[in-house]
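Enquirer: have a look at this fold, sequence not included:
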């Protein structure tokens, strides 16, 4: 009885420590500005708050819950670049706590749970600002509560409570699918008991009802989302856009690295962490050989396979596409710490070993370096500028230039003015608090190599019906690695003569920056 009370107290201590440690490790992200993706989706969410329905009124290639996440962040934390970072920090903290519960459900020790939570935070926060607050990460986070419900269901005998747990797991995976379609492969986790009993002597069993309940749960979640889209009159536009982007999904640049690189979490910048993860896999295999219990090993292997597939299926090789691997890798970090802590002679020494191992993971990591930068930013007079100043421009994106141009745009902007951006700097709408009223908030649909002209007349019609007060044209934003098109948005105007003629005949250029040109409707001042 005393041991049980001490064990429960230890788990509560782990939960409390994780609840404080994870936000601390990720606190620096509150200073992270928008990358291109965050700017796009913050703008689409801002437009939704202005009465412009996503897909129907504002073009969006992402699944619907990406917009919902950004809308929620702005509703809770206000209209700022920090809003989505704050909500992402909350989501990551909840994900880490979910991993603690998974560790407990697996029958592991509290040290395993703490190591898993901290390992997760060190892995995730060793990525850069572009990779945080991404839909791939949120979809990957949602797999955690789904797995937790599966584990709770497998611990019960065949019956109603087990079916409810599996239904809930499927519903959560359905929600994850509405963040990122490629996360759908994690549905394979429902078969963990089947494989575990084939290769080990685990007590859990697989029942066909598990799969059916999980499937019905996922289908129910999808039906709910579809119902919402239909009720807002956005379903037809959503379906058409999904059909259009299929060619984009299939496009792969010749410079795209091998998908196998995804296992190495490109962008995470820590070989040491990856070595620990690999050692954790070896420890899990060793534990299976010795004990013949394979649930943890099978769970990790299937989770890793599904997480990798989520990134590889997108064919672009971007680091954040492989974020769904992070929770599974965190479990393997827990295995390593648990393995060495078990070598201790008593509980106190075990905790001391676990603490030293976790510090050895954190201190040399990129997360620790970024934490230091966050502290410097926090104590400075201009915290945002300290962080933003270190972000180097790329050939297609320059954050400092975008923020500087937004200031110029604001100098001209009046309350009822309208704006149209022909380029990828969609965040300009957000920064000047002017919603994208011409449906296409970025030039992407017109830039891709499979563009067939289907949207040309719609855009021209909207612009002519209510000419925007100002138009922004971007001359240095070519992204051939994702569009297959080497031209910038400005150069693409030569392929869109009606839009070029519309700008030349009705507008005059009033500002020019290296990456932006600002045009104003003639007669405006």
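Expert: Ah, there it is. For clarity, every value in this text was computed on a predicted model and none was experimentally measured.
Enquirer: residues in contact with the residue positioned nearest the centre of the chain?
Expert: Compute the mean C-alpha point of the chain, and by C-alpha atoms, centre = their mean the closest residue is residue 134, 2.4 Å away. For residue 134, the contact set (C-beta atoms under 8 Å, 6 or more residues apart in numbering) comprises 37, 38, 320, 323. Every C-beta, even on glycine, is put in place using the N, C-alpha and C of the backbone.
Enquirer: tell me the one of the residues you listed nearest residue 114?
Expert: residue 323 (21.9 Å; C-beta to C-beta).
Enquirer: who touches the residue nearest to residue 312 when sequence neighbours are not counted in this structure?
Expert: In space, residue 312 comes closest to residue 259 once its chain neighbours are excluded; the distance is 3.7 Å by C-beta to C-beta, 6 or more residues apart in numbering. By C-beta under 8 Å, 6+ apart, the residues touching residue 259 are 308, 311, 312, 315, 317.
Enquirer: ok, now residue 197?
Expert: Contacts of residue 197 by C-beta under 8 Å, 6+ apart are 204, 205, 206.
Enquirer: one more pass at 7 Å, please.
Expert: Neighbouring residues of residue 197 by C-beta atoms under 7 Å, 6 or more residues apart in numbering: 205, 206.
Enquirer: thought residue 371 was touching residue 28?
Expert: Yes. Assessed by C-beta atoms under 7 Å, residue 371 is found in contact with residue 28 at 5.4 Å.
Enquirer: tally of neighbours for residue 183?
Expert: 27 (other C-beta atoms under 10 Å).
Enquirer: the nearest residue to it once chain neighbours are set aside and residue 348: what is the separation?
Expert: Among residues not flanking residue 183 along the chain, residue 139 sits closest, at 4.1 Å (C-beta to C-beta, 6+ apart). As defined by C-beta to C-beta, to the nearest Å, residue 139 lies at a distance of 40 Å from residue 348.
Enquirer: who's more crowded, these two?
Expert: Just comparing residue 139 and residue 348: by other C-beta under 10 Å the higher neighbour count belongs to residue 139, 28 against 9.
Enquirer: where do the helices sit along the stretch 101-250 of the chain?
Expert: Taking DSSP state H, counting those that start in this stretch, the helices of the stretch 101-250 of the chain run over residues 110-124, 135-154, 160-177, 192-199, 208-231, 235-244, 246-250.
Enquirer: so for residue 343, which of the ones you listed sits nearest?
Expert: The nearest among the helices of the stretch 101-250 of the chain, by C-beta to C-beta, is helix 110-124 at 11.7 Å.
Enquirer: residue contacts, the nearest residue to residue 174 once chain neighbours are set aside?
Expert: Among residues not flanking residue 174 along the chain, residue 221 sits closest, at 2.9 Å (C-beta to C-beta, 6+ apart). By C-beta under 7 Å, 6+ apart, the contact list for residue 221 reads 171, 174, 175.
Enquirer: top of those by neighbour count?
Expert: residue 174 (25 neighbours).
Enquirer: contact partners for that one?
Expert: 217, 218, 219, 220, 221, 222 are the contacts of residue 174 under C-beta under 7 Å, 6+ apart.
Enquirer: between those, which is closest to residue 60?
Expert: residue 222 (17.8 Å).
Enquirer: any idea how far residue 187 is from the residue lying closest to that closest one once chain neighbours are set aside?
Expert: Distances taken as C-beta to C-beta, 6+ apart place residue 174 nearest to residue 222, at 5.1 Å, with adjacent residues excluded. Computed as C-beta to C-beta, the residue 174 to residue 187 distance reads 9 Å.
Enquirer: just residue 196 next, same as before
Expert: For residue 196 relative to residue 187 (C-beta to C-beta), the value is 17 Å.
Enquirer: between the two, which is the more surrounded one?
Expert: Neighbours were tallied for residue 196 and for residue 187 using other C-beta under 10 Å; the higher tally belongs to residue 196 (24 against 21).
Enquirer: that one contacts residue 203, doesn't it?
Expert: No. If you go by C-beta under 7 Å, residue 196 and residue 203 don't touch, sitting 9.4 Å apart.
Enquirer: okay, the residue nearest to residue 222: pLDDT?
Expert: Per-residue pLDDT puts residue 174 at 98.
Enquirer: go on, residue 251?
Expert: At residue 251, pLDDT is 56.
Enquirer: and residue 227, how many neighbours?
Expert: 11.
Enquirer: and the strands in this protein?
Expert: Per DSSP state E, the chain carries strands over the ranges 419-422, 470-473, 507-513, 516-521.
Enquirer: buried ones in the third one?
Expert: Using 16 or more other C-beta atoms under 10 Å as the burial criterion, the residues of strand 507-513 that qualify are 507, 511, 513.
Enquirer: out of those, which is nearest to residue 333?
Expert: After measuring these against residue 333 - C-beta to C-beta - the closest member comes out as residue 513, at 45.5 Å.
Enquirer: ok, now which ones touch the closest one?
Expert: Applying C-beta under 7 Å, 6+ apart, the residues contacting residue 513 are 401, 405.
Enquirer: so how far is residue 489 from it?
Expert: Distance from residue 513 to residue 489, by C-beta to C-beta: 14 Å.
Enquirer: same deal with residue 157?
Expert: 61 Å.
Enquirer: what of residue 367?
Expert: 36 Å.
Enquirer: now residue 45
Expert: Remark: distance between residue 45 and residue 489 (C-beta to C-beta) = 23 Å.
Enquirer: swap in residue 425?
Expert: Distance, residue 425 to residue 489, by C-beta to C-beta: 9 Å.
Enquirer: repeat for residue 230
Expert: In terms of C-beta to C-beta, residue 230 sits 33 Å off from residue 489.
Enquirer: and the two? which has more neighbours close in?
Expert: For residue 230 and residue 489, the more surrounded residue by other C-beta under 10 Å is residue 489, and the numbers stand at 26 against 12.
Enquirer: just checking, which helix or strand of this protein averages the lowest pLDDT?
Expert: Here the helix or strand of the chain ranked lowest by mean pLDDT, DSSP states H and E is helix 246-250, holding a mean of 66.
Enquirer: residues near residue 43, how many?
Expert: Neighbours of residue 43 (other C-beta under 10 Å): 28.
Enquirer: contact partners for it?
Expert: Contacts of residue 43 (C-beta under 7 Å, 6+ apart): 426, 427, 429, 430, 436, 441.
Enquirer: between these, which sits nearest residue 377?
Expert: Looking across these and measuring by C-beta to C-beta, the closest to residue 377 is residue 427, at 20.3 Å.
Enquirer: I'd say the closest one and residue 41 touch.
Expert: No. In this structure, residue 427 is not within contact of residue 41 by C-beta under 7 Å, at 9.7 Å.
Enquirer: dump the residue contacts of residue 418.
Expert: Applying C-beta under 7 Å, 6+ apart, the residues near residue 418 are 434, 437, 468, 469.
Enquirer: brain fart, residue 455
Expert: 440, 445, 446.
Enquirer: same check, this time on residue 324
Expert: Contacts of residue 324 by C-beta under 7 Å, 6+ apart are 136, 139, 140, 143, 183, 307, 310.
Enquirer: neighbour-wise, which of residue 371 and residue 28 wins?
Expert: residue 28 (24 against 18).
Enquirer: from residue 13, how far out is the closest residue to the more buried one other than its chain neighbours?
Expert: Excluding its sequence neighbours, the residue lying closest to residue 28 (C-beta to C-beta, 6+ apart) is residue 374, at 2.6 Å. Counting by C-beta to C-beta, the separation of residue 374 from residue 13 is 26 Å.
Enquirer: out of the two, which sits in the busier spot?
Expert: Counted by other C-beta under 10 Å, residue 374 and residue 13 do not tie: residue 374 has more neighbours, with 22 against 13.
Enquirer: cool, thanks, signing off.
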